[in-house]
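1. Need coordinates for the following:
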Amino acid sequence: MQSSRTFSAVFIALFSIVFLSSCDEDNDLFTIDYSLAEEFLFDTTGAERSVTDTGVILYQIENGSGELEVVSRDNILLYYTIRFKPNNAIIESSYANNSTFPLQFNGIAAASNTKGNGFVEAIIGMKEGEKRVAVIPPTQSVYSDTVIVDLELDSILF
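-> Numbers count the residues shown, from 1 in each chain. Below is the predicted model of the structure:
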């Protein structure tokens, strides 16, 4: 009986702290800040352009280095930003909420479940340090519209 009272008291205290901290006008717990991501969008002007068999358009911004290229089973660290093509609205980014750390993908092929086949296709063959922009049609994406993905491969972890 005593443990349930203690649990209730702790729960109420934690709830109160979260509720009171969210009362500040500038502190919205449900808003994601993409302002840092905007600084890392790539300009495709003059970039080498290619189109895959599935309709994904790739712009080569900067070549990577090393002998290794990403294959579907690789674990990688990746900086990326996904935005809708019609209005450039950012919908997802490794730079969310001012993060400066790349996201880890374990077995990059598995990302097709959450991002779509075009996302994986754009990453396969990249080398460390490489930068690309992919324009992915809705047929190759999990989104309902064409998306633009800015990609920078930090490292291949295997």
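2. May I ask you to confirm that F42 is in contact with V149?
-> No: taking Cβ atoms under 8 Å as the contact criterion, F42 and V149 are not neighbours in contact, 10.1 Å apart. To be clear about C-beta, it is placed using only N, CA and C from the backbone, and glycine gets the same treatment.
3. where does the residue nearest to the spatial centre of the chain land on pLDDT?
-> Among the residues of the chain, the one closest to the centroid is S93, at 3.8 Å (Cα atoms, centre = their mean). S93 is assigned a predicted lDDT (pLDDT) of 97.
4. bridging residues for it?
-> On DSSP bridges, the residues paired with S93 through beta bridges are T81.
5. That one and E152, how far apart?
-> Remark: distance between S93 and E152 (Cβ to Cβ, to the nearest Å) = 12 Å.
6. Stretch 55-67: end-to-end distance?
-> Taking Cα to Cα, to the nearest Å, the first and last residues of stretch 55-67 lie 27 Å apart.
7. Please apply the same query to stretch 99-107.
-> Looking at stretch 99-107, the gap from its leading to its trailing residue is 22 Å under the measure Cα to Cα.
8. list the buried ones in it?
-> Buried residues in stretch 99-107, defined by neighbour count with 16 or more other Cβ atoms under 10 Å: 102-103, 105.
9. What segments of the chain are helices?
-> 2-21, 35-38, 117-123 (DSSP state H).
10. Touching both of F42 and V149, which residues are there?
-> V133 (Cβ atoms under 8 Å, 6 or more residues apart in numbering).
11. Settle it for me: which of these two has more neighbours?
-> V149 (24 against 17; other Cβ atoms under 10 Å).
12. nearest spatial neighbour of that one, skipping sequence neighbours?
-> Nearest residue to V149, sequence neighbours excluded (Cβ to Cβ, 6 or more residues apart in numbering): A134, at 4.5 Å.
13. residues contacting the one you found?
-> Contacts of A134 were listed using Cβ under 8 Å, 6+ apart, and they are 56-59, 118-119, 121-122, 148-149, 151.
14. Can you say which of these are buried?
-> Neighbour counting over those (16+ other Cβ under 10 Å) leaves 56-59, 118-119, 121-122, 148-149, 151 as the buried ones.
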